Each structure stands twice: as structure tokens, then as C-alpha cells.
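Student: Generate coordinates for the sequence data below:
(one chain, ligands or ions: 1)
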Amino acid sequence: MPSYKQRCMVCKNSYVLVKSSRQKFVTCIDCEMIYVKKPIENKKMAEIFDIPVDWYMENYFLRSIRYQYGRWGTLTERQLEAFKKAVEDMKKEKAKK
Ligand SMILES: [Zn+2]
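Tutor: Have a look, this model is predicted:
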């Protein structure tokens with residue numbers, strides 16, 4: 001599928017490059033980062049999401065999971081596991097450099 005540009009559904013200002021048809025809710029990084037930076041009250045979750053902000057900027061997957069939690073306050077067990085695994089991968093990748 002070719003990528004195309006679509007206006008962010010939140011701020012209706014920035015254009016976002018959409019690469020996958022699975023990406024139904026289109027938001028720009030700026031709008032996502034608002035939720036990413038939102039403080040988490042749940043201690044266990046706060047610990048899981050306690051990774052450098054840069055990683056959220058770099059990695060769409062990490063950002064989308066964190067965004068979802070910030071916005072809806074809920075995640076499935078599978079999403080959580082996938083997030084933790086992605087963080088591990090990121091740590092390994094960062095250690096290589
Ligand atoms: Zn936006």
C-alpha cells in the first residue's frame with residue numbers, strides 16, 4: 001500500500017504520513033506527545049512507561065501504546081507484553097551504539 005498524507009484528527013492542523021491502512025486514528029506526533037507526557041497515577045504502569053521521552057519520539061509502536069494508555073487509561077495484557085518486549089529490544093539496540 002502506498003503511503004499518503006492525512007490531516008491529524010486531533011489538531012486538524014499538521015499532516016501525518018500514513019503508512020498502514022491499519023492506522024485508523026491518525027494523529028501527529030505533537031498531539032500524541034501530549035498524552036505521552038501526561039503523568040501516570042498508577043505506580044505499576046508509571047514504572048513500565050518510565051523510559052526516555054526520546055524513545056517515544058523515535059519509536060511509533062512505543063508511542064502508540066503510551067498514547068493509548070494516556071488517552072483511555074487502559075491496555076490489554078497483550079499490548080502490555082508487546083510494549084515491554086519493544087522496550088527490551090530498544091535497550092539492546094541502544095546498548096550496541
Ligand atoms: Zn495533531
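Student: all contacts plus neighbour counts: C-alpha atoms, from now on.
Tutor: Will do.
Student: which helices and strands does the longest helix along the chain pack with?
Tutor: Longest helix in the chain by number of residues (criterion: DSSP state H): helix 77-96. Here helix 77-96 touches helix 60-72, going by 3 or more Cα pairs under 8 Å, 6 or more residues apart in numbering; DSSP states H and E.
Student: does the helix it packs on come close to the ion?
Tutor: No. Helix 60-72 lies apart from the ion when judged by Cα under 5 Å from the ion; the minimum separation is 12.7 Å.
Student: Just want the angle from that helix to helix 77-96.
Tutor: Here helix 60-72 runs at an angle of 140 degrees relative to helix 77-96 (axes from the mean of the first three to the mean of the last three Cα atoms, to 10 degrees).
Student: Which strands or helices does helix 60-72 pack on?
Tutor: Where contact means 3+ Cα pairs under 8 Å, 6+ apart, helix 60-72 is packed against helix 29-36, helix 53-58, helix 77-96.
Student: on that earlier part again, pull the distance from the longest helix of the chain to the chain's centre.
Tutor: Put simply, helix 77-96 sits 12 Å off its chain's centre (Cα atoms, centre = their mean, to the nearest Å).
Student: likewise stretch 10-22?
Tutor: Here stretch 10-22 is found 14 Å from its chain centre; the criterion is Cα atoms, centre = their mean.
Student: Need the distance between the two termini of it.
Tutor: End-to-end distance for stretch 10-22, by Cα to Cα, to the nearest Å: 18 Å.
Student: Out of the helices and strands packed on helix 60-72, which one sits most buried?
Tutor: Across those, averaging neighbours per residue (mean count of other Cα atoms under 10 Å) puts helix 29-36 on top, at a mean of 18.
Student: Return the list of helices and strands in contact with that one.
Tutor: For helix 29-36, the packing partners by 3+ Cα pairs under 8 Å, 6+ apart are helix 53-58, helix 60-72.
Student: Correct me if wrong: Met9 contacts Ile29.
Tutor: No. Met9 lies out of contact with Ile29 (Cα atoms under 8 Å); the separation is 11.6 Å.
Student: In this structure Tyr67 contacts Ile29, no?
Tutor: No. Using Cα under 8 Å, Tyr67 is not in contact with Ile29; the gap is 10.1 Å.
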